[in-house]
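S.K.: Can you look at this prediction? I've put the sequence above it.
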Amino acid sequence: MTGITAFMLRRRALREQRVLRILRGLAGTGAAQAEAHAEITALGGDLRALHALHALASRLGEAALEIREPEAQWLSADEVRVLAWLARAQRKLLPPIAPVPGRPSTANAEQAARLTAAICPAAQALCSMGIRLPALAMTNAVALSHRPM
């Protein structure tokens with residue numbers, strides 16, 4: 001059961017935990033969003049960073065990707081993919097987002113293009129706030145597609 005540990009939030013790099021806390025908060029409502037806004041501000045994020053990260057959270061919801069509640073202790077497979085996309089975009093390696101296996105709603109090419117367009121500014125916003133995701137984040141999403149069922 002070595003694959004399960006990769007999905008435990010506490011086993012992820014602190015930078016990844018922080019990004020997930022922000023995205024989960026922005027995908028939520030009320031207090032969760034307020035906490036995400038406060039964290040972005042505390043990290044030196046400006047209005048542009050807030051807008052970019054909020055746009056990404058909205059696009060993730062439109063694509064029906066599973067973004068868990070802020071207090072969840074486990075990552076969803078979709079959250080692992082999002083971390084990989086952001087890590088790749090920070091390194092200018094982001095290809096267009098392909099449909100996510102098992103998610104027919106992401107097969108729409110226009111929706112994938114909107115998601116790709118939201119990933120890049122969000123990745124830049126994270127860099128401007130001093131958060132550069134580890135390269136390992138890119139490989140975890142690849143492993144997801146090769147796991148036995």
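M.R.: Now that the structure is in, tell me what you want to look at.
S.K.: What's the first helix or strand after the helix or strand of the chain with the lowest mean pLDDT?
M.R.: In the chain, the helix or strand scored least confidently by mean pLDDT, DSSP states H and E is helix 2-5, which has a mean of 42. On the C-terminal side of helix 2-5, the closest following helix or strand by DSSP states H and E is helix 14-27.
S.K.: Tell me the secondary structure of residue 93, please.
M.R.: Under DSSP: H, G, I helix; E, B strand; the rest coil, the three-state class of residue 93 is coil.
S.K.: Run a quick neighbour tally on it.
M.R.: Neighbourhood size, residue 93 [other Cβ atoms under 10 Å]: 11. Backbone N, C-alpha and C define where each C-beta goes, glycine included.
S.K.: what residues are up against it?
M.R.: For residue 93, the contact set (Cβ atoms under 8 Å, 6 or more residues apart in numbering) comprises residue 138.
S.K.: now swap in residue 41 and tell me
M.R.: residue 50.
S.K.: what phi and what psi does the backbone show at it?
M.R.: Residue 41 adopts backbone torsions of phi -60, psi -40, taken as degrees, to the nearest 10.
S.K.: And the pLDDT for it?
M.R.: For residue 41, the pLDDT comes out at 94.
S.K.: and if you look at the one 3 residues further on?
M.R.: At residue 44 the predicted local confidence, pLDDT, stands at 94.
S.K.: which residues touch the residue lying closest to it once chain neighbours are set aside?
M.R.: Excluding its sequence neighbours, the residue lying closest to residue 44 (Cβ to Cβ, 6 or more residues apart in numbering) is residue 129, at 5.4 Å. The contact partners of residue 129, by Cβ under 8 Å, 6+ apart, come to 40, 43-45, 49.
S.K.: Scan this protein for its longest helix.
M.R.: Scanning the chain for the longest helix, with DSSP state H as the assignment, gives helix 109-128.
S.K.: so what does that one touch, helix or strand wise?
M.R.: Packing partners of helix 109-128 (3 or more Cβ pairs under 8 Å, 6 or more residues apart in numbering; DSSP states H and E): helix 47-62, helix 77-90.
S.K.: which of these is buried the deepest?
M.R.: helix 77-90 (a mean of 23; mean count of other Cβ atoms under 10 Å).
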